[in-house]
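In: Provided below are the primary sequence and the corresponding predicted coordinates.
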Amino acid sequence: MADVSAIVRDLEAESEEVDALVADLRPARWSLPTPAAGWTIAHQIAHLAWTDAKALVAARTPEAFDEEIASALALGETYVDQGAADGATLPPSRLLRLWREQRDELAEELCEVAPGTRLPWYGPPMRAASMASARLMETWAHGQDIADALGVPRVPTARLWHVARLGVRTRDFAFRVRGLAPPSEEFRVELSAPDGGSWTFGPEDAPERVTGSAHHFCLLVTQRRHRDDTDLRADGEQAARWLEVAQAFAGPPGPGRPAQTERSRS
C-alpha cells in the first residue's frame with residue numbers, strides 16, 4: 001500500500017517550490033497572463049486554493065460531496081473557471097495566505113484518512129494516496145503556467161514520478177471523457193527520469209509503446225505542452241491516439257495548448 005505521508009511530503013515540497021515563485025511578487029505582477037487562456041497568476045493560485053478546499057470537503061465530510069457535484073453540474077464546464085475567478089479578486093497577500101492555510105490543512109487531513117477509504121471526487125473516487133498524488137500533479141502543472149508567465153525555468157525533480165504514474169493510470173479516463181472506447185490492452189511506457197535513470201510502466205512486451213523524457217510526458221498529460229513540442233514517441237496507432245487525448249486531471253476534456261514548433265505551424 002502506498003505511503004500517504006511520503007506522498008504528502010512530496011506534495012508539500014512541490015507546493016513550497018510554487019510558493020517561492022509568487023511569494024515576493026509585486027501585487028501588479030499577479031495580474032500577468034499565463035498560458036491558460038483568461039487566467040492570470042492570481043487565477044492559478046486561486047484555483048489551487050479552491051481545489052484544496054474541495055479536497056478538504058471530500059476528506060472531512062465525504063457525505064456532503066454530492067452537493068459539490070450538484071453545484072458543478074449546475075454551472076457546467078465553467079465551474080472551475082468560476083472558482084478561479086472568484087479567488088483572483090482577493091488581494092494577493094490574502095489569496096496567498098488562503099492557499100497556504102488550505103494546503104496545510106489538507107496535508108494533515110489526508111494523513112488521517114483511514115486506509116482503504118475512497119474519497120469522492122469529480123472523477124472516480126480515490127484513496128488518500130491518489131488524492132495526494134492528484135494534488136501534487138495539479139500543483140506542479142499550475143506552477144508550470146506561473147513559471148512560463150514569469151519566464152522562469154524549472155528544474156525537473158524526482159517528484160515528477162507521481163505525475164507520470166498518474167498520467168499512465170488515467171489513460172482510460174482520457175479516452176472515456178471524450179466519448180472514445182479505451183484500448184483493450186495495456187501500453188508500455190518508458191521514460192527517462194530527471195536523475196538519468198528510467199521509469200517504466202506496463203508490460204515489457206506490449207506492442208503499443210510510448211517513449212521519451214519523463215518531463216515531457218508530464219507536460220503532455222497535464223496539457224502544458226503540445227505533443228509536437230515534446231520528445232515523445234508513440235509506436236502503435238492507439239498509443240499515438242493516446243498522446244493526442246492524454247489528460248491526467250479530472251473534469252471535462254481540456255483544450256490543450258497550441259504547438260510552437262515549425263513542423264506544426266507548417
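Out: Ah, there it is. Keep in mind the model is a prediction, meaning the values are calculated, not measured.

In: what about stretch 120-134, how long is it end to end?
Out: One end of stretch 120-134 to the other measures 13 Å (CA to CA, to the nearest Å).

In: and the gap between the closest residue to Val113 other than its chain neighbours and Pro92?
Out: Leaving aside its sequence neighbours, Val113 sits nearest to Ala128 (CB to CB, 6 or more residues apart in numbering; 3.8 Å). (Each C-beta comes from the backbone N, C-alpha and C, glycine too.) For Ala128, the distance to Pro92 equals 31 Å [CB to CB, to the nearest Å].

In: pick out whichever of those two has more residues nearby.
Out: More crowded of Ala128 and Pro92, by other CB atoms under 10 Å: Ala128, with 26 against 19.

In: for that one, what are its contacts?
Out: By CB atoms under 8 Å, 6 or more residues apart in numbering, the residues touching Ala128 are Val4, Ala59, Leu110, Cys111, Val113, Thr117, Leu119.

In: how does it look with 10 Å?
Out: 2, 4-5, 7-8, 55, 58-59, 109-119 (CB atoms under 10 Å, 6 or more residues apart in numbering).

In: so where's the stretch 1-150 of the chain uncertain?
Out: Flagging of the stretch 1-150 of the chain using pLDDT under 70 yields the residue ranges 1, 77.

In: all strands for it, in order.
Out: All strands of the stretch 1-150 of the chain, identified by DSSP state E, counting those that start in this stretch, fall at 118-119, 126-127.

In: out of these, flag the one nearest Arg171.
Out: Between Arg171 and those, the shortest gap by CB to CB is with strand 126-127, which sits at 15.6 Å.

In: quick one: strands adjacent to that closest one?
Out: Partners of strand 126-127 in the sheet, by DSSP bridges, are strand 118-119 (antiparallel).

In: quick one: contacts of the strand it pairs with?
Out: With CB under 10 Å, 6+ apart, strand 118-119 has contacts from 55, 57-60, 62, 65, 109-110, 113, 124-128, 130-131.

In: work out the gap between it and the centre of the chain.
Out: 18 Å (CA atoms, centre = their mean, to the nearest Å).

In: what of stretch 88-108?
Out: 18 Å.

In: buried set for it?
Out: 88, 90, 92, 95-96, 98-100, 102-103, 105-107 (16 or more other CB atoms under 10 Å).

In: and what of stretch 62-81?
Out: Going by neighbour count (16+ other CB under 10 Å), the buried part of stretch 62-81 is Pro62, Phe65, Glu68, Ala72, Tyr79, Val80, Asp81.

In: okay, helices next: where are they in the stretch 151-266 of the chain?
Out: 160-169, 171-176, 214-221, 237-245, 262-265 (DSSP state H, counting those that start in this stretch).

In: the longest one vs helix 214-221, what angle?
Out: Compare the direction of helix 160-169 with that of helix 214-221 by axes from the mean of the first three to the mean of the last three CA atoms, to 10 degrees and you get 50 degrees.

In: neighbours around the closest residue to Pro124 other than its chain neighbours, how many?
Out: Distances taken as CB to CB, 6+ apart place Phe173 nearest to Pro124, at 7.3 Å, with adjacent residues excluded. The local packing of Phe173 (other CB under 10 Å) involves 17 other residues.
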